[in-house]
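In: Sequence and predicted structure are below.
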Amino acid sequence: MTALDLLNHYYSIRLGVSLTDLRPGEVAVATCDRRTYAELSYGFVSVLWVMNLGERAAISVHPAALPQVARLAWGMKPEDVLGDGFCETACDALRAALDVSDLRAGEEDICLYHPGNVVAVAAEGRILAVSASDKEAWVGARQFGHAAEHPSAQRGEAFGLFRGDELIADVITHDPAVAEMAHLVAADGIEVSERFQRRGYGRALLSYWTGEMQRRGRVCVHSASAANEASVALARSVGYVDYARSRFVTSRARH
């Protein structure tokens, strides 16, 4: 199975529709299991997720608003479902169906993945596994200390780039929302200290993380806002390619 095949399978589960069955120009609307359409993240619950894969698109929606959103998407072109107009009307349908007022539509995101073996990028500094036991030995910006507490650090999947004892960048592994595919798909979260940006440190660290995840048999995914041109360019510079564009509608988790 290629990286693209695996990602198509992964997103098919998330969206509730087989992406390989979609024909060019087709927009599919579906709902999938509770773990996926109501995934919890940063205190919000996703109730709508739209993915445009270029010539086809899929929409995953909370089941309470499935008929209404399906009617809205009828006859639309794949590129149109990412627009503000569709998101606004979909939000209205969700408000009516779910009796919620705090819906929040996200900006357009670009999802990229690495299709093969990454070319290593030399780092001016050491790349080491980040662990809480070493945290007190670090110097420099402390905003990167959150990596030590992240669950990926307990699995050896959080890494830092150090100049001497100064932590100047880190990358953590975010598990995918589809739990049964966590051993096959990995998403990165990368940060570089503001003082050291635009010097190639992020590129070296992302290259290292990607190679390490690939050695563990995982396909690497990088997602960023379409407006964050630097993040998208960073991923492309180490061989990531565009997979899809997406938008979300979320509501604050009641609990």
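Out: Cool, the structure landed.

In: and Ala177, what pLDDT?
Out: At Ala177, the predicted lDDT confidence score is 78.

In: actually Glu108, not the one I typed
Out: pLDDT, Glu108: 94.

In: Which residues does stretch 182-191 contact?
Out: Contacts to stretch 182-191, defined as Cβ atoms under 8 Å, 6 or more residues apart in numbering, come from residues 6-7, 10, 143-144, 157, 169-176, 178, 202, 205-206, 209-210, 213, 216-223, 234. C-beta coordinates here come from the backbone N, C-alpha and C atoms, glycine included.

In: cool, stretch 199-210 as well?
Out: Outside of stretch 199-210, the residues within contact range by Cβ under 8 Å, 6+ apart are 114, 118-125, 127, 159, 161, 168-171, 173, 188, 190, 192, 220, 222, 234-235, 237-240.

In: That stretch: which residues count as buried?
Out: If you call a residue buried by 16 or more other Cβ atoms under 10 Å, then stretch 199-210 has these buried ones: 200-210.

In: could you redo the residues you listed as JSON lines and give each row distance to Met51, secondary structure and pLDDT?
Out: Shown next, in JSON lines, are the buried residues of stretch 199-210 (distance: Cβ to Cβ, whole Å; DSSP: H, G, I helix; E, B strand; the rest coil; pLDDT from 0 to 100):
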{"residue": "Gly200", "distance to Met51": "32", "secondary structure": "coil", "pLDDT": "90"}
{"residue": "Tyr201", "distance to Met51": "31", "secondary structure": "helix", "pLDDT": "92"}
{"residue": "Gly202", "distance to Met51": "26", "secondary structure": "helix", "pLDDT": "93"}
{"residue": "Arg203", "distance to Met51": "27", "secondary structure": "helix", "pLDDT": "95"}
{"residue": "Ala204", "distance to Met51": "30", "secondary structure": "helix", "pLDDT": "95"}
{"residue": "Leu205", "distance to Met51": "28", "secondary structure": "helix", "pLDDT": "95"}
{"residue": "Leu206", "distance to Met51": "23", "secondary structure": "helix", "pLDDT": "96"}
{"residue": "Ser207", "distance to Met51": "27", "secondary structure": "helix", "pLDDT": "97"}
{"residue": "Tyr208", "distance to Met51": "29", "secondary structure": "helix", "pLDDT": "96"}
{"residue": "Trp209", "distance to Met51": "24", "secondary structure": "helix", "pLDDT": "96"}
{"residue": "Thr210", "distance to Met51": "22", "secondary structure": "helix", "pLDDT": "97"}
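
In: out of the residues you listed, who's nearest Ala30?
Out: Nearest to Ala30 among the buried residues of stretch 199-210: Thr210, at 31.0 Å, using Cβ to Cβ.

In: ok, now how distant is the closest one from Ala187?
Out: Counting by Cβ to Cβ, to the nearest Å, the gap from Thr210 to Ala187 is 11 Å.
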